[in-house]
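Novice: Build me a model from this:
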Amino acid sequence: MKMLAEDIKNGSFKSSYLLYGEEAYLRTQYKNRLKNALADPSDTMNFSRFEGKGIDPAEIISLAETLPFFAERRLILIEDSGFFKNKCDELADYLPNMPDTTCLLFVETEVDKRNRLYKAVQKYGRVTEFQLQDERTLMKWILGTLKKENKKITESTLQLFLERTGSDMENIHMELEKLLSYTIGREVITSEDVEEICTMQTTGQIFEMIRAIAEKKQRLALDLYYDLLALKEPPMRILFLIARQFNQLLLVKSLTAKGMDRASVASKAQVAPFIAGRLMTQAKSFTMQQLRNAVQDCVDAEEAVKTGRMTDVLSVEILIVKYSA
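Specialist: Numbering: from 1, shown residues only. Purely as a prediction, here's the structure:
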């Protein structure tokens, strides 16, 4: 990202760019920054955009060969093409010979690094991966945003905010906007503000439900389940998330038993450090055998639904009741 920022700052651009990765918010931000730097936003003559599968590489090459009209360069934006998952030899062969007056900007969610086009962009242009950000980076970003608005927040309230929003920056951005609007006229953001205005993501509600199960708060666990159903969450998706949560707890407990600290657990479990900390605390409420049994029970519940021996709503309810009893 620093290299992209340098290109934009210096006005020294590569012939092609590939932006990809899980962090959609950053990907979109840098796409727009590059787009505005490479071409005048009002210049429709020298800007073309393609999106989705089925794009004809020959059409892109034809456009790329066309000289820009009273401008320094022609910009072609190509999004979610699948060219970097499936082969696109035409563009891979074309990149080394593309005129300096054209820039190709590819934006993808997933890529295959063995792909010929990926290697061509890597050699002749610039490839940037946007990964999910860690807890420290997210906190720094949030605090920077709040500082611009002359707002203050305690560390515990900030942790609560992240627990509700998760690590997706687009969601964090939207929830921050709501929080700032809600606290107009006040300098300090409180935990009550976060609880009142910030929407808890489904995964966050699942986490709270598992915590209620671990603390043997059966009524709360069931209430959270019924809330999810009221929000039109499919029971089988809830079951999948419960199973994933128990799998994570099993992994975290085994890693903790080996003496790993929070940072190491987060790295091995591939979760943000603050999530790893929550999982480590929650895992203490279960034995290894209980977690193994819970994972197996999730598998059995799914099979019972698929074979028609039980309804999807009831299968999850029984699972909750069993482990919160």
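
Novice: can I assume Phe50 sits in a helix?
Specialist: No. Counting by DSSP: H, G, I helix; E, B strand; the rest coil, Phe50 is not found in a helix; it is strand.

Novice: Run a quick neighbour tally on Ile8.
Specialist: Number of residues near Ile8 (other CB atoms under 10 Å) recorded here: 16. (Glycine included, C-beta is placed from N, CA and C.)

Novice: what residues does the one helix or strand it maps to touch?
Specialist: Element membership for Ile8, per DSSP states H and E: helix 2-10. Residues outside helix 2-10 that contact it (CB atoms under 8 Å, 6 or more residues apart in numbering) are 12-14, 17, 30, 33-34, 37, 126, 128.

Novice: Next secondary structure after it?
Specialist: strand 16-20.

Novice: quick one: average pLDDT of that following strand?
Specialist: The predicted model assigns strand 16-20 a mean pLDDT of 97.

Novice: returning to that earlier point: in ChimeraX, how would I select the buried members of the contacts of helix 2-10?
Specialist: Only the buried entries of the contacts of helix 2-10 go into this ChimeraX selection, using 16 or more other CB atoms under 10 Å:
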select :13,14,17,30,34,126,128
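
Novice: Let me have the contacts of helix 2-10 in a markdown table, extended by distance to Asp297.
Specialist: Below are those laid out as a markdown table (distance: CB to CB, whole Å):
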| residue | distance to Asp297 |
| --- | --- |
| Ser12 | 58 |
| Phe13 | 56 |
| Lys14 | 53 |
| Tyr17 | 48 |
| Tyr30 | 44 |
| Arg33 | 49 |
| Leu34 | 49 |
| Ala37 | 54 |
| Arg126 | 49 |
| Thr128 | 43 |
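
Novice: Cys103: which of the contacts of helix 2-10 is nearest?
Specialist: Distance to Cys103, by CB to CB, is smallest for Phe13 among those, at 6.1 Å.

Novice: Please name the nearest non-neighbouring residue to that closest one.
Specialist: Distances taken as CB to CB, 6 or more residues apart in numbering place Asp7 nearest to Phe13, at 5.6 Å, with adjacent residues excluded.

Novice: Number of residues surrounding the one you found?
Specialist: 18.

Novice: Equivalent analysis for Ile153, please.
Specialist: 21.

Novice: With the one 4 residues further on instead?
Specialist: Using other CB under 10 Å, Thr157 has 18 other residues around it.

Novice: do Ser264 as well
Specialist: Burial of Ser264 is recorded as 14 neighbouring residues (other CB under 10 Å).

Novice: Ok, Ile61 next?
Specialist: Using other CB under 10 Å: Ile61 sits among 17 other residues.

Novice: got the contact list for the least confident helix or strand in the chain by mean pLDDT?
Specialist: Within the chain, confidence by mean pLDDT, DSSP states H and E is lowest for helix 202-214 among all helices and strands, at a mean of 80. By CB under 8 Å, 6+ apart, the list of residues contacting helix 202-214 from outside reads 163-166, 200, 218, 220-221, 224-225, 227-228, 231, 233, 237-238, 241-242, 245-246, 249, 278, 282, 285-286, 320, 323-324.

Novice: Name the residues of that helix that are buried.
Specialist: 204-214.

Novice: can you check stretch 306-325 too?
Specialist: For stretch 306-325, by 16+ other CB under 10 Å, it's 310, 312-313, 315-317, 319-320, 323-324.

Novice: Grab the nearest non-local neighbour of Arg292.
Specialist: Leu250 (6.6 Å).

Novice: if we can go back for a sec, distance from the helix holding Ile8 to the middle of the chain?
Specialist: Distance of helix 2-10 from the chain centroid (CA atoms, centre = their mean, to the nearest Å) equals 24 Å.

Novice: Pull the residues that contact stretch 162-169.
Specialist: Outside of stretch 162-169, the residues within contact range by CB under 8 Å, 6+ apart are 23-26, 132-133, 135, 138-139, 141-142, 171-172, 175, 194, 198-201, 203-204, 207, 272, 274-275, 278.

Novice: okay, the angle between the helix or strand hosting Asn32 and strand 16-20?
Specialist: Using DSSP H and E, Asn32 maps to helix 24-38. Counting by axes from the mean of the first three to the mean of the last three CA atoms, to 10 degrees, helix 24-38 lies at 160 degrees to strand 16-20.

Novice: Okay, buried residues for helix 24-38 please.
Specialist: Going by neighbour count (16+ other CB under 10 Å), the buried part of helix 24-38 is 24-27, 29-31, 34-35, 38.
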